[in-house]
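*Asks:* Provide a 3D model corresponding to the input given below.
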Amino acid sequence: MSLHSDLILNVLKLKPEAVSDSEKKLNDALIAITEKGPQWFEVGAAKYRQMRENGQTAMPKAVRLEEAKQFSVPSREKGRDIPCRLMKPDGESRVQGVLMHIHGGGWVLMSEKDQDPYLKKIANTANVAVVSIGYRLAPEHPFPQGPEDCYDAAEWLIDNAESKLSAPVIFAGGESAGAHLTALSTFHLLKTRPNFAFKALILSFGVFDLSMLPLPRTIRKPLAVINNRIVREYLNVFVPGKTAEECRDPAISPFYADLNSMALPPALFLCGTEDCLLEDTIMMATRWQLAGAEAVTKLFPGAPHGFIAFPPDQAPSAKEGMETIKEFLTGKI
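*Replies:* Numbers count the residues shown, from 1 in each chain. Alright, predicted model coming up:
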């Protein structure tokens, strides 16, 4: 497989027959689930989290693997630790580094415990130990509390991964809100730890402009998993009371950061064409390239938001996505 940036205009002009039948079926099923609800903002975040934990929502209950190890790292607040989850590849001798992972969930849902099978795939795919960060969630902990946890965990990993986990932290990545937090964490470290640099980032279907600029929200058809309304509800509790102009602060929206002044690491941007964050991905990757850094943009025809974590028999793009991640990361070790 050749790793390359897709010709974006050709991808966006896809004919329906270019999308596989299994991808269409998955999209239809997910759209039905998305529209059926209930949504987290209808029942409250805390209740919805418990419903997901109990398998009482339309989305599948999280699968936990016994081999995953929980541990914690100190936060900037004395007496409060940040939960983390460690996933190693099969055969510890294969570990060539640590990947810091930041989960998605709109800054409101999910935890470091909710993506074990996916994190295991990454661990085996890239021969890395994966550390997922359990940052604080909104609405109980709005901006900047979640990002600060990610910064604190990242700095701990830089200082301690080699001695505590037997390998240095070399990669970072996340999905959706996790991609947003990964970008913010990277920019934070470029300022506070100038002698450190990630070798590569995986930024999957991220939200990078929290001002909801009209241009990046052009999709009007029904979408699976998240849509414009759901994104706005997430933002209402993550950055409550913030105007669009205030959300253009680079501390909130990485899209507005001065990328030209940064030594950006290579980044892989992944997104499906059936995702309301498609334009965010394209625009952020373009800014990355314009700043003179390596940015590989891989778009997946017909793939919904979150496609990378679905079983390959349900979403063929998931298999291709993991192959793309493998080729990208193994070329950076």
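
*Asks:* remind me which residues of the stretch 51-200 of the chain are low pLDDT?
*Replies:* In the predicted model, the stretch 51-200 of the chain carries pLDDT under 70 at residues 92-93.

*Asks:* all strands of it, in order?
*Replies:* Counting by DSSP state E, counting those that start in this stretch, the stretch 51-200 of the chain forms strands over residues 69-74, 81-87, 98-102, 129-133, 169-175, 200-204, given from the N-terminal end onward.

*Asks:* Make a markdown table out of the ones you listed and add mean neighbour count and distance to residue 60.
*Replies:* To be clear about C-beta, it is placed using only N, CA and C from the backbone, and glycine gets the same treatment. Converted to a markdown table, the strands of the stretch 51-200 of the chain look like this (neighbours: other Cβ atoms under 10 Å; distance: least, Cβ to Cβ, whole Å):
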| stretch | mean neighbour count | distance to residue 60 |
| --- | --- | --- |
| strand 69-74 | 14 | 22 |
| strand 81-87 | 21 | 19 |
| strand 98-102 | 27 | 20 |
| strand 129-133 | 27 | 18 |
| strand 169-175 | 26 | 16 |
| strand 200-204 | 27 | 19 |
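
*Asks:* nearest to residue 232, of the ones you listed?
*Replies:* strand 169-175 (19.3 Å; Cβ to Cβ).

*Asks:* in its sheet, what does that closest one sit against?
*Replies:* Listed by DSSP bridges, the sheet partners of strand 169-175 and their directions read strand 98-102 (parallel), strand 200-204 (parallel).

*Asks:* hey, where'd the helices end up in this protein?
*Replies:* For the chain, the helices identified by DSSP state H occupy 8-12, 21-36, 40-43, 45-53, 116-126, 145-165, 177-192, 228-238, 278-290, 316-330, in order along the chain.

*Asks:* most tightly surrounded among these?
*Replies:* Each of the helices of the chain was scored by mean neighbour count; the highest is helix 177-192, a mean of 23, by mean count of other Cβ atoms under 10 Å.

*Asks:* will you turn the helices of the chain into TSV that also has distance to residue 71?
*Replies:* As requested, the helices of the chain are exported to TSV (distance: least, Cβ to Cβ, whole Å):
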stretch	distance to residue 71
helix 8-12	41
helix 21-36	34
helix 40-43	28
helix 45-53	21
helix 116-126	14
helix 145-165	8
helix 177-192	19
helix 228-238	26
helix 278-290	32
helix 316-330	23
